[in-house]
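Engineer: starting from these lines, generate the structure:
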Amino acid sequence: MLATLLAIAMAAAPTAGVASPEGRALIEAVQASIDDVRRRHAGLPPPESDADRLVRMGELDQAARKVVTSFDFSRIPEAERETALALAVAPMKAADKENQQALLALVPPEGWFARSRYGEPAARAAFNIVQHADTATQRRFLPKLEALAKTGEVDGQNVAMMFDRIAIAEGRPQRYGTQFRCDGGKWRPYPLEDEANVEALRQQAGVGWTYAENKARIQASPTCPQTRSPPPPGMKLD
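Structural biologist: Down below sits the predicted model:
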């Protein structure tokens, strides 16, 4: 219902307060990406398993993010960026809420979606959905992810990302260097708990690349949604 109401509102006034063609293009492209996924899913047979459901939910989770994270925000006038970004992510946040509610209904008795049972695509989709949820939901699943990572049923990189995201949300330094923010038009890492040992901590957690490599990769991206004030609460793009 929430997703439907937001879709109607966006259709009625999809670009209110945004005059530039670039800002309007971002808003419209995000909505179109979500609509395209929903349309394609509507034409498919019903999911055969919970794994199939998760994969489809994961496609919905990523649809808008692929648009936003590839967009060059420097093309939008600075005075419009905050409004354009808020309007663009509104349908994404509605889809996130829908996904999160559906995922909670699918959680198995053992507490998480093990790769050996659900397959890598479904397990990755489940992680992304929880990674984009509220902090309480993330905290609920982090202990199970940490335990399963020791047996290879969960990617250690995912554990590191969720640990860091919770730490940032709670006002603490991140441990593994996975989280970045848009600051002055550039991607910069959030403060680190122990920068001198971050590479060792990442290795212990099973993160597949170094902090230096990750930092260089992220900072090379031209897409930094800098606004005059912080992004809307709960807006998680990665």
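Engineer: distance between stretch 181-197 and the chain's centre?
Structural biologist: Mean-position distance between stretch 181-197 and its chain equals 18 Å (CA atoms, centre = their mean, to the nearest Å).
Engineer: mean confidence for the top helix by length along the chain?
Structural biologist: Ordering each helix of the chain by length in residues (DSSP state H) puts helix 78-106 first. Helix 78-106 shows a mean pLDDT of 94.
Engineer: show me what the very next helix or strand once past that helix is packed up against.
Structural biologist: Once the chain leaves helix 78-106, the next helix or strand it forms, by DSSP states H and E, is helix 115-118. Where contact means 3 or more CB pairs under 8 Å, 6 or more residues apart in numbering; DSSP states H and E, helix 115-118 is packed against helix 50-69. Using the backbone N, CA and C atoms, a C-beta is placed for each residue, glycine as well.
Engineer: what are the contacting residues of the helix it packs on?
Structural biologist: Outside of helix 50-69, the residues within contact range by CB atoms under 8 Å, 6 or more residues apart in numbering are 26, 29-30, 33-34, 36-38, 41, 44, 47, 88-89, 91-92, 95-96, 98-99, 102-103, 106, 108, 113, 118-119, 121-126, 128-129, 132, 221, 223, 225, 237-238.
Engineer: buried only: go through those residues for me.
Structural biologist: 26, 29-30, 33-34, 37-38, 88-89, 91-92, 95-96, 98-99, 103, 113, 118-119, 122-126, 128-129, 132, 225, 237 (16 or more other CB atoms under 10 Å).
Engineer: walk me through the domains of this structure.
Structural biologist: Following automatic domain parsing, the chain resolves into domains at 1-110, 161-225.
Engineer: could I get these as a markdown table with distance to Leu148?
Structural biologist: A markdown table is the format used below for those (distance: least, CB to CB, whole Å):
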| stretch | distance to Leu148 |
| --- | --- |
| domain 1-110 | 9 |
| domain 161-225 | 12 |
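Engineer: comparing those domains by mean pLDDT, which bottoms out?
Structural biologist: Of all those, the minimum mean pLDDT falls on domain 1-110 (a mean of 86).
Engineer: what ranges does the chain have for its strands?
Structural biologist: 180-183, 186-189 (DSSP state E).
Engineer: now tabulate these in a markdown table and tack on distance to Ile168 and mean neighbour count.
Structural biologist: Shown next, in a markdown table, are the strands of the chain (distance: least, CB to CB, whole Å; neighbours: other CB atoms under 10 Å):
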| stretch | distance to Ile168 | mean neighbour count |
| --- | --- | --- |
| strand 180-183 | 9 | 16 |
| strand 186-189 | 10 | 16 |
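Engineer: as JSON lines, those with distance to Asp61 would be great.
Structural biologist: JSON lines is the format used below for those (distance: least, CB to CB, whole Å):
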{"stretch": "strand 180-183", "distance to Asp61": "19"}
{"stretch": "strand 186-189", "distance to Asp61": "21"}
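Engineer: out of the ones you listed, which is closest to Gln174?
Structural biologist: Nearest to Gln174, of all those, is strand 186-189, at 7.6 Å by CB to CB.
Engineer: what's next to the closest one, contact-wise?
Structural biologist: Residues outside strand 186-189 that contact it (CB under 8 Å, 6+ apart) are Gln174, Gly177, Gln179, Phe180, Arg181, Cys182, Lys215, Ile218, Gln219, Ser221, Cys224.
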